[in-house]
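>>> After the sequence you'll find the predicted model.
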Amino acid sequence: MRYIGCHLSASAGNLAMVRTAEKIGANTFAFFTRNPRGSKAKKEDPVDAAAAVAALGEKGFGHLVAHGAYTMNLCTADPDARAFACDVLCDDLRRMAALPGQYYNFHPGSHVGQGVEAGIDHIARALKKALEPGYPVTVLLETMAGKGSEIGGRFEELKAIIDAVGSDSVGVCLDTCHIYDGGYDIVSDLDGVLAEFDRVVGLDRLKALHLNDSKNAFASHKDRHECIGQGSLGLETFRAIINHPLLADKPMILETPNELPGYQAEIALLRSLEG
Ligand code: FE
Ligand code: FE
Ligand code: ZN
């Protein structure tokens, strides 16, 4: 059985998310650590977190994949804004320690004209600082579509960040919509793309996937998610992903345009493709 889930609202707390996940047939999930378009975080609740940890173990959930705020740009040009983003990252990793052993995924950032190398340098510095306390969390860099000055549209950029940080606690979350929009053809050559990832980054760094179809054509660098089977990736691509032996143990998170009933149906659809 694969670990499949979706984004859930964190507003009712961690245990509530585990219960909701169970109800919709999920055995992993994602949630925003704070307002995705702002920076405000929820009040911490250690009792709720401990109850969630117990429930996750009891139900045999796969790794959760928390998501950092979209507004957290670790390589923005303004030094004060960059320092603020780094503070947000540090606080997120500290908070993740309440759910030990889970994943924390974020968008590497946009270099906004400073150049890829400067951007990678800023991101690596922030990660080094945030990982310093040694919290029990693995940080995942998300593969991006390469929109505007986004970093992470090429596997080489993720590898450069990983090398510059030099920690075993950094991995990658592969977003299917993003890499297809970014020019990695998982529709006609999934094996080839995974081989390329292995060559450049190493498959041991691949920890999780975001499963999204795409509203746009191959290599469009657009990043618009579509429901599974209704976009340019198509259902057969997801059948191949779900059943790929190299991806068997990875949490797979839906970020498709859905509310809970839609997610429940998509999880069932994906499970029907297994085997
Ligand atoms: Fe994302
Ligand atoms: Fe994603
Ligand atoms: Zn996206």
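Great, that's in hand. Ligands and ions are numbered 1, 2, ... in the order given.

>>> What segments of the stretch 101-250 of the chain are strands?
Ranges of strands in the stretch 101-250 of the chain, per DSSP state E, counting those that start in this stretch, are 103-106, 138-142, 170-175, 206-211, 213-214, 225-226.

>>> Looking at those, spot the one closest to residue 242.
strand 206-211 (8.5 Å; Cβ to Cβ). For the C-beta atoms, the positions are set from N, CA and C on the backbone; glycine is no exception.

>>> To residue 32, which of the strands of the stretch 101-250 of the chain lies closest?
Nearest of those (Cβ to Cβ): strand 103-106, 10.5 Å.

>>> Adjacent strands (with direction) for the closest one?
Strand 103-106 pairs in its sheet with strand 65-67 (parallel), strand 138-142 (parallel), by DSSP bridges.

>>> Let me have those strands in CSV, extended by mean pLDDT and distance to residue 78.
As requested, those are exported to CSV (pLDDT from 0 to 100; distance: least, Cβ to Cβ, whole Å):
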stretch, mean pLDDT, distance to residue 78
strand 65-67, 98, 24
strand 138-142, 98, 22
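
>>> residues from the stretch 151-275 of the chain in reach of ligand 2?
Within the stretch 151-275 of the chain, the residues that sit near ligand 2 (Cβ under 5 Å from the ion) are 175, 210, 255.

>>> and if we set it to 8 Å?
173, 175, 177, 178, 210, 212, 225, 253, 255 (Cβ under 8 Å from the ion).

>>> pretty sure the last one contacts residue 210?
Think residue 255. Yes. With contact defined as Cβ atoms under 8 Å, residue 255 reaches residue 210; the gap is 5.2 Å.

>>> Would you mind telling me which of those two has more residues around it?
residue 210 (25 against 18; other Cβ atoms under 10 Å).

>>> on that earlier part again, can I get the strands of the stretch 101-250 of the chain in a markdown table including distance to residue 189?
A markdown table is the format used below for these (distance: least, Cβ to Cβ, whole Å):
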| stretch | distance to residue 189 |
| --- | --- |
| strand 103-106 | 25 |
| strand 138-142 | 22 |
| strand 170-175 | 15 |
| strand 206-211 | 17 |
| strand 213-214 | 16 |
| strand 225-226 | 20 |
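
>>> Residue 172 bridge partners, please.
residue 141, residue 206.

>>> Run a quick neighbour tally on it.
Residue 172 - counted by other Cβ under 10 Å - has 26 other residues nearby.

>>> That one and ligand 2, how far apart?
Counting by Cβ to the ion, to the nearest Å, the gap from residue 172 to ligand 2 is 12 Å.

>>> is it true that that residue touches residue 205?
Yes. Counting by Cβ under 8 Å, residue 172 sits close enough to residue 205 to count as a contact (5.2 Å).

>>> Flag every buried residue along stretch 131-149.
Using 16 or more other Cβ atoms under 10 Å as the test for burial, stretch 131-149 gives 131, 135, 137-147, 149.

>>> out of the residues you listed, who's nearest ligand 2?
residue 142 (5.5 Å; Cβ to the ion).

>>> For the closest one, list the residues it contacts.
105, 106, 107, 108, 152, 172, 173, 175, 178, 210 (Cβ atoms under 8 Å, 6 or more residues apart in numbering).

>>> 7 Å instead, please
Counting by Cβ atoms under 7 Å, 6 or more residues apart in numbering, residue 142 touches 105, 106, 107, 152, 173, 175.

>>> what does the stretch 1-150 of the chain have sitting close to ligand 2?
Residues of the stretch 1-150 of the chain lying near ligand 2 (Cβ under 8 Å from the ion): 67, 105, 142.

>>> I'd like to know how many residues surround the second one.
By other Cβ under 10 Å, 23 other residues sit near residue 105.

>>> What separation is there between residue 68 and residue 257?
In this view, residue 68 and residue 257 are 21 Å apart by Cβ to Cβ, to the nearest Å.

>>> same deal with residue 43?
According to Cβ to Cβ, residue 43 stands 30 Å off from residue 257.

>>> Between these two, which has more neighbouring residues?
residue 257 (13 against 4).

>>> That one falls within a strand, correct?
No. Counting by DSSP: H, G, I helix; E, B strand; the rest coil, residue 257 falls outside a strand, being coil.
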